[in-house]
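Engineer: what's the 3D shape of this:
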Amino acid sequence: MEEKDLNKIYDCARGCEVERTAHGSLRTSYNPSCCKLSDFDWMQGISQERYKDLFEVRFKNTRKIIFKNTSGQLIKTGDLVVVEAPTGHDLGIVTLEGPVVGRQLVRHNIDPSTYEFRRIYRKAKILDIERWQEAIAREHKTMIRARQIAAGLGLDMKIGDVEFQGDGTKAIFYYIADERVDFRQLIKDFAEEFHIRIEMKQIGARQEAGLIGGIGVCGRALCCSAYMSDFKSITTQAARCQDLSLNPQKLAGQCSKLKCCINYEASLYVDAQKQFPDVRGPLEFKDGNAYLQKYDILKGLMYFSYEQHSMINLFPLSGQRVRDIIAMNRKGIKPDSLKGKEPDNRETDFVSAVGDDSISRFDEKRRSKRKKQQKRSDRNKQQRSEDEKTRQDTDPREGKTQGDQSKRRQGQRGGGRRRDQGKPRDKSGEKRESSENQ
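Structural biologist: Now for the predicted structure:
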């Protein structure tokens, strides 16, 4: 990592990178990779006169407002701009421009012909950025002190976040409370303690999770932080129609409320359930009554059992087949037994993730590989030992043992001269004896 990167600080709450240069000046740049309400300008480079002066400006966390450029300066995405505020001025980062801002207006139900947009004064100067960073540095200490003051007054509320205005003259305190809170004395104490204008803004648990951000159990950024701007009510009925286990630990998100993603596929399951017949009683067969035990909504199957309160020996039937059986029962006809079919005792396609987070989940595979390698090495050693034993047997060419050959080789390596060295050999490979020996 380069030395200049060590001095760079990434502010995820505002999606920018702050760096102090060698000359002491403050440099701030926009980082579009922030996960909080990130937008992709899929109409980049396309100009439209109707929206040429409208820009989306982001502030802390998920607060975004659309402003109108009246400064006459050329502004583009990523610029830090000074904008109009109810009291004083604020500083934010331009995140969207052009025709795609019109899509954001439709999303937030804003009519550009009647809506009064706040103004963009100018691009931020170095002095504006310095004051902005000084205000940001006060936010955490202010939040901690504000929580202490609220606890001292005995108020049943939780201060989740504090956002300072760009000029440092005003702060927004985001709080959560189950009941109505009388914070008139609290505001007086805040004004005396921090010497700024105070704005109290109540938020819900889902909005707090969006402000803070985080990673869900799916491994992705929280939906309330990534793209959701409005929150719909979620009930347990949406979980029941999907045959989800009513386990609070699995259905609750980081906000301790039901997960927003439960509503995503609820309408699909409701429509699929309409394809099933309404079974209000058991199906009558020649060998007894079959009772409905469960549905497989996506496969379109209904599972029946001859025992009313048992999930053993389930027999799958399609929705159309169940309709036909119901029609036959109304006419007094009982079809043949379901026992001619094999019961569906197969394991479900669903695979539980319980135990997958174990640290030693990869050790078994490694151990099995090690065992295979050990067996292979033992087999090779045994094969080598058998080969050595066969080599120690009598050599068919000389009629001598392998040990004698090794001794003769050692003597040759030691420099000694054999008696028969240099004498020719016959075709059979044996040395011809000298005339003297004959």
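Engineer: Verify the stated contact: residue 193 with residue 145.
Structural biologist: Yes. Residue 193 is in contact with residue 145 according to CB atoms under 8 Å; the separation is 6.6 Å. Using the backbone N, CA and C atoms, a C-beta is placed for each residue, glycine as well.
Engineer: Okay, strands next: where are they in the stretch 51-200 of the chain?
Structural biologist: Assigned by DSSP state E, counting those that start in this stretch, the stretch 51-200 of the chain shows strands spanning 54-58, 64-69, 80-84, 89-97, 118-123, 158-164, 170-176, 197-202.
Engineer: Looking at those, which is nearest to residue 309?
Structural biologist: With CB to CB as the criterion, residue 309 lies closest to strand 170-176 of the strands of the stretch 51-200 of the chain, at 44.4 Å.
Engineer: Just the buried residues of the closest one, please?
Structural biologist: Neighbour-count burial for strand 170-176, counted by 16 or more other CB atoms under 10 Å, picks out 170-175.
Engineer: do the same with stretch 197-209
Structural biologist: Neighbour-count burial for stretch 197-209 [16+ other CB under 10 Å]: 197-198, 203, 205-209.
Engineer: Could you do stretch 313-326 as well?
Structural biologist: Result for stretch 313-326 [16+ other CB under 10 Å]: buried residues 314-317, 322, 325-326.
Engineer: ranges for the helices of the stretch 251-400 of the chain?
Structural biologist: 266-273, 319-330, 363-391 (DSSP state H, counting those that start in this stretch).
Engineer: Make a markdown table from those helices and add distance to residue 181 to it.
Structural biologist: Formatted as a markdown table, the helices of the stretch 251-400 of the chain follow (distance: least, CB to CB, whole Å):
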| stretch | distance to residue 181 |
| --- | --- |
| helix 266-273 | 34 |
| helix 319-330 | 53 |
| helix 363-391 | 53 |
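Engineer: Tell me which of these approaches residue 282 most closely.
Structural biologist: helix 319-330 (9.3 Å).
Engineer: got a list of contacts for the closest one?
Structural biologist: Contacts with helix 319-330, where a contact means CB atoms under 8 Å, 6 or more residues apart in numbering, come from 275-277, 279, 283-284, 300, 302, 317, 334-335.
Engineer: that older thread, export the helices of the stretch 251-400 of the chain to JSON lines and append columns for mean pLDDT and distance to residue 121.
Structural biologist: Converted to JSON lines, these look like this (pLDDT from 0 to 100; distance: least, CB to CB, whole Å):
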{"stretch": "helix 266-273", "mean pLDDT": "88", "distance to residue 121": "46"}
{"stretch": "helix 319-330", "mean pLDDT": "90", "distance to residue 121": "64"}
{"stretch": "helix 363-391", "mean pLDDT": "75", "distance to residue 121": "62"}
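Engineer: quick one: low-confidence parts of the stretch 101-250 of the chain?
Structural biologist: Under the criterion pLDDT under 70, no range of the stretch 101-250 of the chain is flagged.
Engineer: sorry, back to before: can you tell me which of the strands of the stretch 51-200 of the chain is nearest to residue 18?
Structural biologist: strand 80-84 (10.9 Å).
Engineer: what about the closest one, average pLDDT?
Structural biologist: Averaging pLDDT along strand 80-84 gives 94.
Engineer: Pull out the buried positions in that strand.
Structural biologist: Here strand 80-84 shows 80-84 as buried, counting by 16+ other CB under 10 Å.
Engineer: for that strand, packing partners?
Structural biologist: Contact partners of strand 80-84 among helices and strands, from 3 or more CB pairs under 8 Å, 6 or more residues apart in numbering; DSSP states H and E: strand 54-58, strand 64-69, strand 89-97, strand 118-123, helix 126-137.
Engineer: right, and those - which one's nearest residue 45?
Structural biologist: strand 89-97 (10.6 Å).
Engineer: Partner strands of that closest one and their direction?
Structural biologist: strand 54-58 (antiparallel), strand 80-84 (antiparallel) (DSSP bridges).
Engineer: Relative to residue 127, how far out is residue 159?
Structural biologist: To residue 127, residue 159 is 30 Å away according to CB to CB, to the nearest Å.
Engineer: ditto for residue 154
Structural biologist: 42 Å.
Engineer: what about those two, which has more around it?
Structural biologist: residue 127 (9 against 6; other CB atoms under 10 Å).
Engineer: for that one, what are its contacts?
Structural biologist: Here residue 127 is in contact with no residues (criterion: CB under 8 Å, 6+ apart).
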